[in-house]
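Chemist: sharing a model prediction with you, sequence too.
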Amino acid sequence: MPLLKTLTLGCKVNQYETQFVREGLQKLGYRDAADGEPADLCVVNTCTVTNEGDAKSRQAIRRLHRRNPHARIVVMGCYATRAPEELATLPGVTEVITDKRELPDWLQRIGVVDVPDGISGFGNRHRAYVKVQDGCLLRCSYCIIPLVRPVPSSRDPESIEREVRRLVAGGYREIVLTGVHLGHYGVESNRRKPRSQWLRLSHLLARLVELSGDFRIRLSSIEATEVTRELIAVMADRPDRICPHVHICMQSGSDRVLRRMRRRWSAKMFVDRCRLLQERLDHPALTTDWMVGFPGETREDFLASCRVARDVGFAKMHIFPFSPRRGTPAAEMPDQLRPELKKEWAAEAAELERELRWAYWDSLVGRTLQVLAENRVEDPVPGWAGTACRYAPVVVSEEAAPMGSLVPVTVRDRDACGLRGETGSRAEIDMRPVP
């Protein structure tokens, strides 16, 4: 039986696509190589969002070749699309797949007769990612992704439904809908249809919540302009099925910086959309991305972002300093900031992030949350840990729940690492829609 190793760098979409290839190769008889077992085939799914992502991809390929000197190495992913010639010269690389839309054709070409219609599992995890959309039409000045995934495409709802049914039947209790530009689900086909026949993310979500089974749905990252009233209405109507958590990308709270980034909204519009979510959903967790130190950013711009973060009250922020990406307009902009200043601002933003995160966790004390049980813990006392519907880490110091199950947990307190709670008859989740 031939042995396989897969390695994924980057986003949720990449993780989904690696699993798709893995399941296809299993149909040819491949099995995952155990630790220390030399593989016959290695598949590396690369990331090119940053220059560091490129470097990590190259390092991973070289490391795989050293440990599996006789293996064929197939490289895919955004770096493979952007610079296939660079990757083809690396040791052990026998093929570079430059377009992920060709993955089904590639599987057929190497002998897979029955190419999978989506995925059926997601490794040893208890949540599964489901890719519903690909491609990005935007031209944010700092981002390379529209150059490597420029063609928007959306999967048909029937195929997505079949995949979700398989995953739920396989025991996955959280389904995360993801895409390169999730909020643009359906847009490429809508141009040829009357508005009454448009397909949007809200329509897909409304279909999926009606599927039978014990599971919940979480949305991955989405842009502010795509958090529509229709989408919010579906989430508000089905709090029993859809996690009250939205990762809505900020990047900056300064209008001047947003214009230089070529973003599509003002800081006020962003805050207004967050307010709408908070008005319609029951105490939602709003999380975001914040890029610090964009070219030309001033101290006043940075403080404007701090004000927006406080106004919204984010439950979690991913903070990262601007890194010039070769091939993007921002990399050539004047007034690049000193690394020391970006590091200083990022540390200040991290302090604010911690303050807001703890404040949100404090607001959850006394509430009963739906928690996905994910792993057992022994410290400080035996119990189990998981992720709440509102994206907070939770530890329960009780007899371990079945891993992978959805458990109602009443939050009793919190520490620096997350929430602590208890199960029992009192832990009944109030899933009524918000008036």
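Modeler: Arrived safely, thanks for sending.

Chemist: can you check which helix is longest in the chain?
Modeler: helix 339-364 (DSSP state H).

Chemist: the following helix or strand past that one - contacts with which helices or strands?
Modeler: Once helix 339-364 ends, the next helix or strand along the chain (criterion: DSSP states H and E) is strand 368-377. Contacts defined by 3 or more C-beta pairs under 8 Å, 6 or more residues apart in numbering; DSSP states H and E place strand 368-377 against strand 383-388, strand 393-396, strand 406-415, strand 418-422. In this view, the C-beta of every residue, glycine as well, is placed from N, C-alpha and C.

Chemist: repeat the analysis, applying 10 Å as the threshold.
Modeler: Packing contacts for strand 368-377, counted by 3 or more C-beta pairs under 10 Å, 6 or more residues apart in numbering; DSSP states H and E, involve strand 174-179, strand 216-219, strand 383-388, strand 393-396, strand 406-415, strand 418-422.

Chemist: how about the longest one: buried residues?
Modeler: When neighbours are counted by 16 or more other C-beta atoms under 10 Å, the buried residues of strand 406-415 are found to be Leu406, Val407, Pro408, Val409, Thr410, Val411, Arg414.

Chemist: just the pLDDT for the fourth one.
Modeler: Val409 carries a pLDDT score of 95 in this model.

Chemist: so which bits of the helix or strand bottoming out on mean pLDDT in the chain are buried?
Modeler: Within the chain, no helix or strand scores below helix 187-190, which has a mean of 84 by mean pLDDT, DSSP states H and E. In terms of neighbour count (16+ other C-beta under 10 Å), helix 187-190 has its buried residues at Val187, Glu188.

Chemist: how about stretch 338-347?
Modeler: Applying a neighbour-count criterion of 16+ other C-beta under 10 Å, the buried positions in stretch 338-347 are Lys342, Trp345, Ala346.

Chemist: the first one and Leu303, how far apart?
Modeler: Spelled out, that is Lys342. Counting by C-beta to C-beta, to the nearest Å, the separation of Lys342 from Leu303 is 15 Å.

Chemist: thinking again about what came up before, for Pro146, find the nearest of the helices and strands packed on strand 368-377.
Modeler: Across the helices and strands packed on strand 368-377, Pro146 has its closest neighbour in strand 174-179 (13.7 Å, C-beta to C-beta).

Chemist: strands paired with the closest one, and their directions?
Modeler: Within its sheet, strand 174-179 is paired with strand 127-134 (parallel), strand 216-219 (parallel), according to DSSP bridges.

Chemist: how far off strand 368-377 does the first one point, in degrees?
Modeler: Angular relation of strand 127-134 and strand 368-377 on a 0 to 180 degree scale: 110 degrees, by axes from the mean of the first three to the mean of the last three C-alpha atoms, to 10 degrees.

Chemist: alpha carbons only: can I get strand 127-134 in CSV?
Modeler: Once non-C-alpha atoms are left out, strand 127-134 reads as follows in CSV (Å, rounded to 0.1, in the frame of the first residue of the first chain):
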residue,chain,number,x,y,z
ARG,A,127,-15.2,20.5,13.2
ALA,A,128,-15.0,20.4,9.4
TYR,A,129,-14.4,23.2,6.9
VAL,A,130,-16.6,23.3,3.8
LYS,A,131,-15.4,25.4,0.9
VAL,A,132,-18.4,27.0,-0.9
GLN,A,133,-16.7,29.6,-3.0
ASP,A,134,-13.4,30.5,-4.7
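
Chemist: just give me how far that strand sits from the chain centre.
Modeler: For strand 127-134, the separation from the chain centroid amounts to 9 Å (computed by C-alpha atoms, centre = their mean, to the nearest Å).

Chemist: same question, stretch 327-334
Modeler: Offset of stretch 327-334 from its chain centre (C-alpha atoms, centre = their mean): 26 Å.

Chemist: rewinding a little: the least confident helix or strand of the chain - contacts with which helices or strands?
Modeler: On a contact count with 3+ C-beta pairs under 10 Å, 6+ apart, helix 187-190 meets strand 127-134, strand 153-154.
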